[in-house]
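J.: Turn this into a structure:
(chains A and B)
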Number of protein chains: 2
Amino acid sequence: MIIKTFLTALSTTIPSLDIKTDTESTQHWGRDWTVHFSTDCQAVLFPKSTEEVATIVRLANEHGTPLVPSGGRTGLSAAAVASKGEVVVSFDKMNHIGQFYDADRMVEVEAGVVTKALQEFAESKDLYYAVDFASSGSSQIGGNIGTNAGGIKVIRYGMTRNQILGLTVVTGKGDILELNGGMLKNATGYDLRHLFIGAEGTLGFVTKALIKLEKQPVNLTAMVLGVPEFNSVVALLDRFGKALNLTAFEFFDQIAVDKVIAAGHTKAPFDSQAPFYVLLEFEAMTEEVLDLAMSVFEQCAEDGLIIDGVMSQSVGQLQELWKLRESISETISVFTPYKNDVSVLISHLANFISDIEQIVKDNYPDFEICWFGHIGDGNLHLNILKPANLSKDEFFEKCQTVNTYVFDTVKKYKGSISAEHGVGMTKKPYLTYTRTQTEIDYMKAIKAVFDPNGIINPGKIFD
Amino acid sequence: MIIKTFLTALSTTIPSLDIKTDTESTQHWGRDWTVHFSTDCQAVLFPKSTEEVATIVRLANEHGTPLVPSGGRTGLSAAAVASKGEVVVSFDKMNHIGQFYDADRMVEVEAGVVTKALQEFAESKDLYYAVDFASSGSSQIGGNIGTNAGGIKVIRYGMTRNQILGLTVVTGKGDILELNGGMLKNATGYDLRHLFIGAEGTLGFVTKALIKLEKQPVNLTAMVLGVPEFNSVVALLDRFGKALNLTAFEFFDQIAVDKVIAAGHTKAPFDSQAPFYVLLEFEAMTEEVLDLAMSVFEQCAEDGLIIDGVMSQSVGQLQELWKLRESISETISVFTPYKNDVSVLISHLANFISDIEQIVKDNYPDFEICWFGHIGDGNLHLNILKPANLSKDEFFEKCQTVNTYVFDTVKKYKGSISAEHGVGMTKKPYLTYTRTQTEIDYMKAIKAVFDPNGIINPGKIFD
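T.: Below is the predicted model:
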């Protein structure tokens, strides 16, 4: 069998390489957080250096063995699922935090470093790693780079892309490239670094990254606001966004709040209930900023945009308010939700939501819908919860049907069918809703440049 | 003659297309600000729409006619010089500022919009276009995108790349691609937008861009500091950078100040003279920030890092101080300077400068050197001024010899031989000092994907 020859060649070339082939391991490392793809992973490799990864890729080319990268396996698009007999390359043993460049506020990390570990390292230097999201305790930097991970602070700090000053990659041909070397300014030809960011591991493997750190934010303060209708959410973004330098502007609905409270994660932010909630955050550097925030709040309440609201007075209260938002994903996961992760321009948000609400009303009359998202970036998560009386397969089939209506609406507003989760296998059939066939043809040609034998993460993004 | 057939086909297909073939026009539009490449431009075309550009490219492919893009012609790397009988495509007639998206703080512009016009448009909306540099009155957005232009506010707002939320391009094959559509979050495959940014018009022509605007900065305040030695410049960046949110941190030497004052652009900032000067800028949102800036200043003066200093008290004074920095390029242009535009990590700056100073002392004993640069981004401009008694050719030959010493030092510190000016033709022979041959081979393969017939800006970046 071909895989066996490949593994034998590997053991000979890298005698110290840890190779796992037991079912427990292949089941564990062969999949991500998506539930509707089963894994057929043949083996899991644990390289310890960029050179070992390059050797693996070169041998895989020789033996025609397809490889799938595996980070924290928290992905939601099945980009890291080995579903067709591939061998998985795990970065679990490449988790070193390397050289710190104080004057550049930059650190080199291996691809397997967990997001949270990088956040803590930054804190130890009195700095801040600005990419944050619910799975930060498990997700790895390599995976974040592969999907250009976003999260809750994008409105202020941008996506993962904005923090990446350099990359070491192994291409699908087995070449090691060190891209951009950490410089802020480097105008020497095509920036291949940006091609690898968001490529979902289809052009090669990211093995190291030079990461920009930010200054620690000062006195972060959050408000949670109860809002009477969706249009008010957009109006509030405009008003608070103009007055304050926001670090986050999130939204969620009453169903999300009910589930989070029922699961015991936190308590209601105030006595009133509201169809929608906004959680906004800003740096309250001075008393003036706090006064300004309060006066915008009062004006908005007077104008009927806010039903009720609360502002954090301490770090403890700030963290408590964030639980309302950050516990949603985990809380609803027991309902096997069908997740959509779409984005449109903020200018189109109100019309877009109103179209989607109509579709949902017409097509999912019996389903519970849980809305939340990063409104400040135009990114909405539409979660359809599975009724207990429906089987998983029946439920997903129904969802898939309605999917096309949702994606037609995304296309109408020239939006994205995947804002931050990536395409992987789950969104692959819908890629043409956001990218034209001509663009996809160029992408395929680029894939062929870096991975001419189609060895690296085949069948992801496109076929 | 082939060009003639091409022009005839063009006139038939786009009867309204303005085509200039007179010598004055071909000399004017056929070159950029570099002086040591002559132009052999055959004709200049002035399309008025993306569709016209696509038609031009398709016909050029049919006729085998090479095309060179032309924006404001302020480039310093000869990337927009038609030196080998090419036809120039000017974007002078594609200078419309299009739709403004208030809620997204974004505007669509055609490639021929002049930087200054975009800055003024942003101001009219109480917003800010953050990319600024000395040639903003002539440079066009399309050219800025081609070189990923930097300038004086990079430390705070990043390069042109950071402001580009969407691009319309015509590839070398004549396909029109609309890339990313203005979204902050879009994880649907390879981000081709970033491949075109900084490609110096070698993959195709940028015809439109969706540009992110920023909030207006508040009460910008500048300090000019006289500094005893270069190491103090780096120490000051560290101290002020940690205390304040800097919007700029520039440096220049006494020779630059002398020339600017002699040319009558402004007056000396204070009575003392210093080998080096720092111009730093920050938003003085509150009195506390001003007090903090003053206390850092006093501590630095006490520690011997500053000889003398001045702080702007009004917008007029701010503008006056900036003239010290912004007039340098124009002032020294009469000395036919040989320009180097290099960057290294800030962590390496002090060692790098000391190595370069030694090289200059050993190799240019008779030449006047004018140093300035964007120290906050690790970007230095080393300008060697031509002595009056040396011919242009003799002077450039001498400079080229020493170039390799400078670039060897750049390579030693893993820096960039072109931080923001691009490669074009002037830095093409030195590309391997920053990019490996393997990287260059991948770049060539990508070029072949978008421009298989080698029609678009041939001989730029690489052969």
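J.: Now stretch A:403-417: buried residues?
T.: A:N403, A:Y405, A:V406, A:F407, A:T409, A:V410, A:Y413, A:G415, A:S416, A:I417 (16 or more other CB atoms under 10 Å in any protein chain shown). Heads up, the C-betas are built off the backbone N, CA and C, glycines and all.
J.: out of everything not next to it in sequence, what's closest to the fifth one?
T.: What that stands for is A:T409. A:D355 (4.9 Å; CB to CB, 6 or more residues apart in numbering or on different chains).
J.: The one you found: neighbouring residues, count only.
T.: Residues lying near A:D355 (other CB atoms under 10 Å in any protein chain shown) number 18.
J.: same question, A:D175
T.: 18.
J.: Is it in contact with B:Q437, as I believe?
T.: No: look at A:D175 against B:Q437 with CB atoms under 8 Å: they stay out of range, at 10.6 Å.
J.: follow-up on the earlier one: and the residue nearest to A:T409, how far from A:P337?
T.: For A:D355, the distance to A:P337 (CB to CB, to the nearest Å) stands at 21 Å.
J.: so, in contact with chain B or not, stretch A:160-169?
T.: Yes: judged by CB under 8 Å from any CB of the partner chain, stretch A:160-169 comes into contact with chain B at A:R161, A:N162.
J.: Return the mean pLDDT over that stretch, rounded to an integer.
T.: The average pLDDT within stretch A:160-169 is 98.
J.: same deal with stretch A:420-439?
T.: 96.
J.: Tell me which helix or strand A:R73 sits in.
T.: Under DSSP states H and E, no helix or strand contains A:R73.
J.: any idea how far it lies from B:A301?
T.: From A:R73 to B:A301 the distance is 55 Å (CB to CB).
J.: The two: which is more packed in?
T.: The residue with more neighbours, out of A:R73 and B:A301, is A:R73; 22 against 14, by other CB under 10 Å.
J.: so the more buried one touches A:T39, yeah?
T.: No: A:R73 lies out of contact with A:T39 (CB under 8 Å); the separation is 10.4 Å.
J.: anything in contact with each of those two?
T.: A:R31 (CB atoms under 8 Å, 6 or more residues apart in numbering or on different chains).
J.: By residue count, which helix of chain A is the longest?
T.: helix A:392-412 (DSSP state H).
J.: Remind me what that helix packs against, helices and strands.
T.: strand A:338-343, helix A:349-363 (3 or more CB pairs under 8 Å, 6 or more residues apart in numbering or on different chains; DSSP states H and E).
J.: If we use 10 Å, what do you get?
T.: Judged by 3 or more CB pairs under 10 Å, 6 or more residues apart in numbering or on different chains; DSSP states H and E, the packing partners of helix A:392-412 are strand A:338-343, helix A:349-363, strand A:379-385.
J.: Hmm, A:N245 and A:G376 touching each other?
T.: No: look at A:G376 against A:N245 with CB atoms under 10 Å: they stay out of range, at 11.8 Å.
J.: Compare those two (neighbour count), which wins?
T.: Taking neighbours as other CB under 10 Å, A:G376 and A:N245 compare with A:G376 leading, 25 against 14.
J.: Can you pull the phi/psi pair for the more buried one?
T.: phi -60, psi -20 (degrees, to the nearest 10).
J.: Pull the contacting residues for A:K339.
T.: A:33-34, A:76-77, A:329, A:332-333, A:370, A:381-384, A:399, A:421, A:426 (CB atoms under 10 Å, 6 or more residues apart in numbering or on different chains).
J.: out of those, who's nearest A:P269?
T.: Distance to A:P269 across the contacts of A:K339 (CB to CB) is lowest for A:C370, with 17.3 Å.
J.: rewinding a little: export the helices and strands packed on helix A:392-412 to JSON lines and tack on distance to B:S90?
T.: Below are the helices and strands packed on helix A:392-412 laid out as JSON lines (distance: least, CB to CB, whole Å):
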{"stretch": "strand A:338-343", "distance to B:S90": "36"}
{"stretch": "helix A:349-363", "distance to B:S90": "38"}
{"stretch": "strand A:379-385", "distance to B:S90": "39"}
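J.: nearest to A:S83, of these?
T.: Comparing the helices and strands packed on helix A:392-412 by CB to CB, strand A:338-343 comes nearest, at 18.7 Å.
J.: The closest one relative to strand A:379-385, how many degrees between them?
T.: When axes from the mean of the first three to the mean of the last three CA atoms, to 10 degrees is applied, the directions of strand A:338-343 and strand A:379-385 differ by 170 degrees.
J.: Report the backbone C-alpha coordinates of strand A:338-343 in PDB.
T.: Presented in PDB, the C-alpha positions along strand A:338-343 are these (Å, rounded to 0.1, in the frame of the first residue of the first chain):
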ATOM      1  CA  TYR A 338     -26.200  25.000  11.200                       C
ATOM      2  CA  LYS A 339     -23.800  27.900  11.000                       C
ATOM      3  CA  ASN A 340     -23.700  30.600   8.500                       C
ATOM      4  CA  ASP A 341     -20.900  33.200   8.700                       C
ATOM      5  CA  VAL A 342     -21.600  35.900   6.200                       C
ATOM      6  CA  SER A 343     -20.500  39.500   5.700                       C
END
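J.: Between helix A:392-412 and it, find me the angle.
T.: Using the same axes, to 10 degrees: strand A:338-343 against helix A:392-412 is 10 degrees.
J.: could you check the angle helix A:349-363 makes with strand A:338-343?
T.: Going by the same axes, to 10 degrees, strand A:338-343 makes 160 degrees with helix A:349-363.
J.: how far is strand A:338-343 from where the chain is centred?
T.: Here the centre of strand A:338-343 is set off from its chain's centre by 12 Å, with CA atoms, centre = their mean, to the nearest Å.
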